[in-house]
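Undergrad: Using only what follows, build the 3D model:
(chains A and B)
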Amino acid sequence: MNLILPDRSTRVIDPAPATVEAILIQEGINPLEVMVVRNGLLIPEDTLVSGDDELRIIRISHGG
Amino acid sequence: MIHQRHTGRFLCGTHLIADMEQRVSETIVSRQQIVPGDCVAVGLSGGKDSTALLLLLHHLFGSRNDIRLVAVTVDEGIDGYREATARSAEGLVRRLGVTHITVSFGELFGDTLDTILKGHKTQACSICGILRKKALVTGAERAGATKLATGHNLDDEAQSVLMNVLRGDLMRLVRNSGADSGGRFIPRVKPLMYVQEKEIATYLMVQGVWEDLPECPYAIHALRREVRSMLSELEYRHPGTMLRLLENKKKIETAFSGNTGGEPVGRCRECGDPCSGRTCQLCRIRHSLLH
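TA: Below you'll find the model as predicted:
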């Protein structure tokens, strides 16, 4: 599974099924502070991802 | 699309938009934030919160003849930051057909924020906050506004409550900037005050207007940054924390009913602007930092 992190770097992680939330916590990211896009579509953090999924993690910038 | 942790609901894009429109409308109505006859100056930085605010207010009031919206953008002159968000703001007002007023620090104070803050970066947010407030109010006055709407969200409001508790600032804790001041201030309203930051970001992405814009480079110096991180962690582990903070603030406000022992609001002896104390914060900054 490919992860595109907020700083645009990429990581390849274990393709075994996991929730987005679990992956974020593993990466030390608070799910409330990011949005996650899978293969171009925004998904909630309870979504199960696996295999060839590509996840883009977008940090929500502060300030209005 | 999004899991609203504090309600337990899962919402698709369509229902998120509808939910936010309804909640913002309810906030406006229940707190009488905007009423027929109002001219609302909408603080529009071009960032996510003010963009969402203008979109929502335009949806709710854009077609009405009895409520006018005017966008006010403050240009602090922060190099490498403000240009991008200002472009976003200009694109939005053009798309919505909303009148747009820009007030710059250069025009009002004679210098950009970058210049003003030389040697004072650790106080950046405090100083900028005072100057921005003056610039926003100036823009609102130019628009003939009866209300000033800002994009403060639930996260912002909860952080402010916690910061005021940590600082022991009872006056700020119980202050209601939206209250009628008998004409001395343009009342400030915060229609997004019960909407979480993540909901706002998701709303913009669903609407196709999300932009990954930079954060203010001075934000690293702020206490708010640490409080934000702490509160975000608490909210994740204990959903509803931020909402409860705000609800308790309201109870404290009611219990004190403005009776905090602070100085009554008068007028600055130098510039005549409303303030508590003899000299307003802006005039004090003028003496120490501005030329």
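Undergrad: contacts, neighbours, all on C-alpha from now
TA: OK.
Undergrad: Within range of chain B, give me the residues from chain A.
TA: Taking C-alpha under 8 Å from any C-alpha of the partner chain as the measure of proximity, chain A contacts chain B at A:30-35, A:42-46, A:60-64.
Undergrad: Mind giving me the PyMOL command for buried ones among those?
TA: Isolation of the buried members of those (16 or more other C-alpha atoms under 10 Å in any protein chain shown) is achieved in PyMOL through the command below:
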select buried, chain A and resi 30+31+32+33+34+35+42+43+44+45+60+61+62+63+64
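Undergrad: Let me know how buried B:His238 is, in neighbour terms.
TA: Counted with other C-alpha atoms under 10 Å in any protein chain shown, residues neighbouring B:His238 total 13.
Undergrad: where's it relative to A:Leu32, distance?
TA: When C-alpha to C-alpha, to the nearest Å is the yardstick, B:His238 and A:Leu32 sit 12 Å from each other.
Undergrad: how about the residues of chain B near chain A?
TA: B:1-3, B:44-51, B:151-152, B:198, B:201-202, B:212-216, B:232-233, B:236.
Undergrad: Next, count neighbours for B:Arg87.
TA: Residues within reach of B:Arg87, counting by other C-alpha under 10 Å, total 12.
Undergrad: do the same with the one 10 residues further on
TA: Counted with other C-alpha under 10 Å, the neighbours of B:Gly97 add up to 12.
Undergrad: go on, the one 10 residues further on?
TA: Other residues near B:Glu107 come to 12 when the count uses other C-alpha under 10 Å.
Undergrad: Surely it is in a strand?
TA: No - secondary structure of B:Glu107, determined by DSSP: H, G, I helix; E, B strand; the rest coil: helix, with no strand assignment.
Undergrad: which phi and psi does B:Arg284 have?
TA: Note on B:Arg284: its backbone torsions stand at phi -70, psi -40 [degrees, to the nearest 10].
Undergrad: rewinding a little: just the ones of the residues of chain B next to chain A in strands?
TA: Secondary structure assignment by DSSP state E places B:2-3 of these in strands.
Undergrad: Could you turn the buried ones of the residues of chain B next to chain A into a PyMOL selection?
TA: Selecting in PyMOL just the buried members of the residues of chain B next to chain A, where the criterion is 16+ other C-alpha under 10 Å, is done with this command:
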select buried, chain B and resi 1+2+3+44+45+46+47+48+49+50+51+151+152+198+201+202+213+215+216+232+233+236
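Undergrad: Sitting in helices, which of the residues of chain B next to chain A do you find?
TA: Members of the residues of chain B next to chain A lying in helices (criterion: DSSP state H): B:48-51, B:198, B:201-202, B:232-233, B:236.
Undergrad: Throw those residues into TSV and include pLDDT, thanks.
TA: TSV is the format used below for these (pLDDT from 0 to 100):
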residue	pLDDT
B:Lys48	94
B:Asp49	96
B:Ser50	96
B:Thr51	96
B:Lys198	95
B:Ala201	95
B:Thr202	95
B:Ser232	95
B:Glu233	96
B:Tyr236	95
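Undergrad: ok, how many other residues are close to B:Ser25?
TA: Burial of B:Ser25 is recorded as 18 neighbouring residues (other C-alpha under 10 Å).
Undergrad: what helix or strand is it on?
TA: Using DSSP states H and E, the secondary-structure element containing B:Ser25 is helix B:13-30.
Undergrad: which parts of that helix are buried?
TA: Across helix B:13-30, burial judged by 16+ other C-alpha under 10 Å covers B:13, B:16-17, B:20-21, B:23-25, B:27-28.
Undergrad: Helices of the chain, residue ranges please.
TA: As the question left the chain open, I've gone with chain A. For chain A, applying DSSP H gives helices covering A:20-26.
Undergrad: think we crossed wires, I meant chain B
TA: Taking DSSP H to define them, one finds helices in chain B at B:13-30, B:48-61, B:82-96, B:105-109, B:113-116, B:124-143, B:154-167, B:170-174, B:197-206, B:223-237, B:241-256, B:281-288.
Undergrad: Which residues does the shortest one contact?
TA: To tie it back to what came earlier, the one meant is helix B:113-116. Contacts with helix B:113-116, where a contact means C-alpha atoms under 8 Å, 6 or more residues apart in numbering or on different chains, come from B:76-79, B:105, B:128, B:289-290.
Undergrad: cool, the third one as well?
TA: Helix B:82-96 is contacted from outside by B:44-47, B:51, B:58, B:71, B:73, B:75-76, B:99-100, B:213-214, using C-alpha under 8 Å, 6+ apart.
Undergrad: Contact partners for residue 1?
TA: Just so you know, I chose chain A. Contacts for A:Met1 (C-alpha under 8 Å, 6+ apart) come out as A:12-15, A:50-55.
Undergrad: Chain B was what I was after
TA: A:42-44, B:10-13, B:202.
Undergrad: Please repeat the previous calculation with a cut-off of 10 Å.
TA: With contact taken as C-alpha atoms under 10 Å, 6 or more residues apart in numbering or on different chains, B:Met1 is in contact with A:35-37, A:41-45, A:47, B:10-16, B:199, B:202-203, B:206.
Undergrad: re earlier: output the buried residues of helix B:13-30 as a markdown table; include the columns pLDDT.
TA: As requested, these are arranged in a markdown table below (pLDDT from 0 to 100):
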| residue | pLDDT |
| --- | --- |
| B:Gly13 | 91 |
| B:Leu16 | 94 |
| B:Ile17 | 95 |
| B:Met20 | 95 |
| B:Glu21 | 97 |
| B:Arg23 | 96 |
| B:Val24 | 98 |
| B:Ser25 | 97 |
| B:Thr27 | 96 |
| B:Ile28 | 97 |
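Undergrad: quick one: which of these is nearest to chain A?
TA: The shortest gap between chain A and any of the buried residues of helix B:13-30 belongs to B:Gly13, at 9.3 Å (C-alpha to the nearest C-alpha).
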